[in-house]
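Enquirer: just need the structure, nothing else, for what follows:
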Amino acid sequence: MCERCNWATADDLMIKYHDTEWGVPLHDDQRLFEFLTLESFQAGLSWRTVLHKREAFRKAFDEFDPEKVATYDEKKKAQLMTDKSIIRNRQKIDACVNNAKCFLKVQQEFGSFDKYVWKFVGNTPIVNNFTCLDELPAKTLLSDKISADLKSRGFKFIGSTVAYAHMQATGMINDHLTSCFRFKKIINSY
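Expert: Residues are numbered from 1 along each chain as shown. Down below sits the predicted model:
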């Protein structure tokens with residue numbers, strides 16, 4: 001059996017996510033918006049809870065197409081509040097619609113959200129060398145900076161912890177433990 005980060009062993013879905021997605025450099029804008037949204041919904045909850053609702057979120061939020069989400073009106077937001085398959089939090093739903101509009105503005109300014117967000121790491125993933133989960137930070141000075149910049153652009157529900165989770169999920173940071181089989185595999189893919 002291969003060794004993997006022990007946070008990811010709760011069930012098959014967590015294992016699959018860890019083994020195929022988490023920490024892999026991501027440059028697709030729609031997927032970046034998906035992760036930004038899901039991580040915002042995660043605030044105060046576990047990633048496992050959000051991951052198990054991911055397919056329902058995709059259906060409810062038009063596959064996280066920011067152009068579609070940006071057009072959601074009060075009727076659509078009220079409809080989302082009745083959808084028991086997702087996390088029904090009005091502030092987070094409002095933030096998602098707001099963030100879609102902000103996301104589109106960033107795309108206009110920088111050509112893509114990918115170009116904007118990856119500039120914070122010089123377009124090269126940061127590789128940490130953590131040996132146990134206790135070493136992983138919840139946030140860093142860099143995630144503070146990204147969060148502050150996103151907030152200055154109007155984004156909501158994007159604190160430093162959410163920004164750091166986004167960096168981890170989208171491969172801007174490789175936070176796999178050094179004992180994890182994915183640690184070197186991802187580095188070797190750069």
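
Enquirer: the strands in this protein, which residues?
Expert: Read by DSSP state E, the chain holds these strands, from start to end of the chain: 126-127, 173-174.

Enquirer: and those, which is most packed in?
Expert: Most buried of the strands of the chain by mean neighbour count (mean count of other Cβ atoms under 10 Å) is strand 173-174; its value is a mean of 24. To be clear about C-beta, it is placed using only N, CA and C from the backbone, and glycine gets the same treatment.

Enquirer: so what's residue 173 bridging to?
Expert: Taking DSSP bridges as the rule, residue 173 bridges to residue 126.

Enquirer: check contacts around it.
Expert: The contact partners of residue 173, by Cβ atoms under 8 Å, 6 or more residues apart in numbering, come to 23, 121, 125, 126, 127, 128, 164, 167.

Enquirer: for those residues, which one is nearest residue 177?
Expert: Of all the contacts of residue 173, residue 128 has the smallest distance to residue 177: 9.3 Å, by Cβ to Cβ.

Enquirer: number of nearby residues for that closest one?
Expert: 17 (other Cβ atoms under 10 Å).

Enquirer: and the pLDDT at it?
Expert: Looking at residue 128, its pLDDT is 97.

Enquirer: for it, which non-adjacent residue is closest in space?
Expert: residue 175 (5.4 Å; Cβ to Cβ, 6 or more residues apart in numbering).

Enquirer: against residue 172, how distant is the most centrally placed residue in the chain?
Expert: In the chain, the residue lying closest to the centroid (Cα atoms, centre = their mean) is residue 35, at 3.0 Å. Using Cβ to Cβ, to the nearest Å, residue 35 is found at 11 Å from residue 172.

Enquirer: joint contacts of the two?
Expert: The contact lists of residue 35 and residue 172 share residue 166, where a contact means Cβ under 8 Å, 6+ apart.

Enquirer: which elements pack onto the lengthiest helix in the chain?
Expert: In terms of residue count, the longest helix belonging to the chain (DSSP state H) is helix 90-110. Using 3 or more Cβ pairs under 8 Å, 6 or more residues apart in numbering; DSSP states H and E as the contact test, the elements touching helix 90-110 are helix 29-42, helix 66-69, helix 74-81, helix 113-118.
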